[in-house]
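S.K.: have a look; sequence and predicted model below, questions after that.
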Amino acid sequence: MNQAPSQTARPRTYRLAELGLLILAIAVATTAYALVGLGVEDTIPANVYGYAAWLAALGVILHIIVWIKAKYADPVLVPIAVLLNGLGLAMIYRVDLGRDEYLGSAMTQLVWMTLGVGLAIAVIFIVRDHRWLRRYTYVSGFAALVFLLLPLIPGIGKTINGARIWIGVGPLSFQPGEIAKILLAIFFAGYLVTYKDQLVAAGPKILGIRFPRLRDFGPIVVAWVASVGVLVFERDLGTSLLFFGLFVAMLYVATSKVSWIILGLGFFSAGAVAATFLFSHVGQRVSGWLNALTAEEYNKTPGGSYQLVQGLFGMSNGGLIGTGFGEGRPNMVPYAESDFIYASFGEEIGLAGLFVILLCYLFIFQRGIRTAQQLRDGFGTLLATGLSFTIALQVFVVVGGVTRLIPLTGLTTPFLAQGGSSLIANWMIIGLLLRISDNARRPVEEFHTGVLRITEDPEPVPAGARANDTAASALTVDEDAPTTNLPPADSRVFDDEAPTTNLPPAGARPRGQAPNDTDATDQRPTGGER
């Protein structure tokens, strides 16, 4: 008898394709670094070979770890992350060369990249099954709250450029909100997959759209109050927008109700308008956005539109293809290596280069959403969606602010901008997406390798066993059984906690027959390692 297609089909790992893309990414990043030296100093940097070797070592080590521990992971994520990080290092080096005093910022950023890649590898080793994180739903929520409140503690909290979102330990500073966004994604995924039935309950229908009941408004109100609290006490518009947008997006994915999007936009609009009139720092940013090109706003100190206008002039100077690495004047823009690094790229690689950078971010988002669609468990789907949307929303907010589509928020461009906190957090997100995508594509017959645990075959049913006992044994599923993208073998309906596999039911064998003996169609793993 022929085997079912779902049992014989084995997804390709694409690890060689990942290696080829990784080599291309390293070559592009190294070339950009060399071109910066040629453009500014008319000579290739003396440390270009050491830089290339360090970058290649990080990429290849991560590639090997993925090949060994998560060989079915998405092959595009690592090369794109290395490419963006490498281009960011080149631009940070370029801005550093334009200063009166060379600070070695690119090498410092490379050290942060090393730490970020190391944490991504740690995530792959520690998180062997993404569903394990669901056990820590409320722990993650509490830890995220602690991280958000740390900058408000006297003595360790630091105010930089009007925003109190940093903590300082000696000469080092760190932004705990970057780690909080990952913890919040885990908390939101666990919470929403548990209470989604209450959130989709019937409510009143207004203008053809069914809205949730008043008693179900609680989650979105809590998220709105929390985001406003970050805005008020920490003076951070960007983080406030990021957290609230993340929750509303995951809420929509969990419930498929457009009304939540409408309510979320309404709540945020009301909060933004109120904050504009109540808080001076928010009003300054809105005024600088609306009246950027007026002389009064341009010359205002502090809080004027000088930075924004200079960034727009720089991108205009770059035109379609840019001035070339090292040939522009990005140092005229304050914080050209961090908040406005996207404008710096716009001047030196032009509009075409900016589109390529946006396309790289789009690929990360697309691969994350595709992974979410392949998963068969609600928690994994929400977590992959939340992590992908975090990067996408952060890019939109940053690029929108630099191009004057929306007010400036102070967020950093993922992987590109200078800053260790953001870089570490985004590499951890890449590690989580690698693990989740590996679990989504891994065939069930390979779960006994130890990456995920599988359900052992039940003992043969005695001839005199009761029918009820037989039915109960057929429906027994280990709660740690793997989740795959393969269709289920029968029509049973599992609850939210139980996983979906393509193992045939125990009751499908003739009574008394041992597993995997003479039946050629029984292809289930025998026993399985735990």
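M.R.: Arrived safely, thanks for sending.
S.K.: the helix or strand harbouring residue 353 packs against which elements?
M.R.: Assigned by DSSP states H and E, residue 353 belongs to helix 341-374. Of the remaining helices and strands, those touching helix 341-374 by 3 or more CB pairs under 8 Å, 6 or more residues apart in numbering; DSSP states H and E are helix 77-97, helix 306-318, helix 378-402, helix 420-441. (C-beta placed from N, C-alpha, C; glycine too.)
S.K.: report the mean confidence score over it.
M.R.: What helix 341-374 shows for mean pLDDT is 95.
S.K.: quick check: angle from the helix or strand harbouring residue 31 to helix 341-374?
M.R.: Per DSSP H and E, residue 31 falls inside helix 15-41. Angle between the axes of helix 15-41 and helix 341-374 is 170 degrees (criterion: axes from the mean of the first three to the mean of the last three CA atoms, to 10 degrees).
S.K.: how about helix 15-41: buried residues?
M.R.: 15, 18-19, 21-22, 25-26, 29-30, 32-37, 39-40 (16 or more other CB atoms under 10 Å).
S.K.: now do it: which elements does it pack against?
M.R.: Partner elements for helix 15-41 (3+ CB pairs under 8 Å, 6+ apart): helix 48-69, helix 77-97.
S.K.: switch the cut-off to 10 Å
M.R.: Counting contacts by 3 or more CB pairs under 10 Å, 6 or more residues apart in numbering; DSSP states H and E, helix 15-41 is packed against helix 48-69, helix 77-97, helix 341-374.
S.K.: circling back: for the helices and strands packed on helix 341-374, which one sits closest to residue 242?
M.R.: Of all the helices and strands packed on helix 341-374, helix 378-402 sits nearest to residue 242, with 6.0 Å by CB to CB.
S.K.: can you tell which of the helices and strands packed on helix 15-41 is closest to residue 300?
M.R.: helix 341-374 (19.7 Å).
S.K.: between that closest one and helix 77-97, how big is the angle?
M.R.: 170 degrees.
S.K.: before we move on, back to that, from the helices and strands packed on helix 15-41, which stretch is densest packed?
M.R.: Mean neighbours per residue, mean count of other CB atoms under 10 Å, is largest over the helices and strands packed on helix 15-41 for helix 77-97, with a mean of 25.
S.K.: let me see the mean pLDDT of that one.
M.R.: Mean predicted lDDT for helix 77-97 stands at 96.
S.K.: packing partners for that helix?
M.R.: Counting contacts by 3+ CB pairs under 10 Å, 6+ apart, helix 77-97 packs against helix 15-41, helix 48-69, helix 105-126, helix 341-374, helix 420-441.
S.K.: can you list those helices in TSV and add distance to residue 264?
M.R.: Putting the helices and strands packed on helix 77-97 into TSV (distance: least, CB to CB, whole Å) gives the following:
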stretch	distance to residue 264
helix 15-41	36
helix 48-69	36
helix 105-126	29
helix 341-374	19
helix 420-441	22
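S.K.: point out where the stretch 201-350 of the chain drops to low pLDDT.
M.R.: For the stretch 201-350 of the chain, the stretches with pLDDT under 70 are 201-204, 206-220, 224, 231-232, 234.
S.K.: quick one: the helices in it?
M.R.: Ranges of helices in the stretch 201-350 of the chain, per DSSP state H, counting those that start in this stretch, are 218-233, 237-255, 258-278, 280-290, 295-298, 306-318, 341-374.
S.K.: how about these in JSON lines, adding distance to residue 397?
M.R.: Shown next, in JSON lines, are the helices of the stretch 201-350 of the chain (distance: least, CB to CB, whole Å):
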{"stretch": "helix 218-233", "distance to residue 397": "13"}
{"stretch": "helix 237-255", "distance to residue 397": "6"}
{"stretch": "helix 258-278", "distance to residue 397": "12"}
{"stretch": "helix 280-290", "distance to residue 397": "12"}
{"stretch": "helix 295-298", "distance to residue 397": "21"}
{"stretch": "helix 306-318", "distance to residue 397": "14"}
{"stretch": "helix 341-374", "distance to residue 397": "11"}
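S.K.: nearest to residue 74, out of those helices?
M.R.: Residue 74 lies closest to helix 341-374 among the helices of the stretch 201-350 of the chain, at 5.0 Å (CB to CB).
S.K.: so of the helices of the stretch 201-350 of the chain, which one's packed in deepest?
M.R.: helix 237-255 (a mean of 23).
S.K.: let me know the angle separating it from helix 280-290.
M.R.: Going by the same axes, to 10 degrees, helix 237-255 is angled at 80 degrees with respect to helix 280-290.
S.K.: closest to residue 426 out of the helices and strands packed on helix 15-41?
M.R.: Closest approach to residue 426 among the helices and strands packed on helix 15-41 is made by helix 77-97 (7.6 Å; CB to CB).
S.K.: now the closest one - C-alpha only, PDB.
M.R.: Extracted as PDB, the C-alpha positions of helix 77-97 are listed here (Å, rounded to 0.1, in the frame of the first residue of the first chain):
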ATOM      1  CA  LEU A  77      16.400  35.500   8.600                       C
ATOM      2  CA  VAL A  78      20.100  35.100   9.400                       C
ATOM      3  CA  PRO A  79      21.500  36.500   6.100                       C
ATOM      4  CA  ILE A  80      19.200  39.500   6.200                       C
ATOM      5  CA  ALA A  81      20.000  40.300   9.800                       C
ATOM      6  CA  VAL A  82      23.700  40.100   9.200                       C
ATOM      7  CA  LEU A  83      23.400  42.300   6.100                       C
ATOM      8  CA  LEU A  84      21.400  45.000   7.900                       C
ATOM      9  CA  ASN A  85      23.800  44.900  10.900                       C
ATOM     10  CA  GLY A  86      26.800  45.000   8.600                       C
ATOM     11  CA  LEU A  87      25.500  48.000   6.700                       C
ATOM     12  CA  GLY A  88      24.700  49.700  10.000                       C
ATOM     13  CA  LEU A  89      28.300  49.200  11.100                       C
ATOM     14  CA  ALA A  90      29.600  50.700   7.900                       C
ATOM     15  CA  MET A  91      27.400  53.800   8.300                       C
ATOM     16  CA  ILE A  92      28.300  54.200  12.000                       C
ATOM     17  CA  TYR A  93      32.000  54.100  10.900                       C
ATOM     18  CA  ARG A  94      31.300  56.700   8.200                       C
ATOM     19  CA  VAL A  95      29.700  59.100  10.700                       C
ATOM     20  CA  ASP A  96      32.500  58.500  13.200                       C
ATOM     21  CA  LEU A  97      35.100  59.500  10.600                       C
END
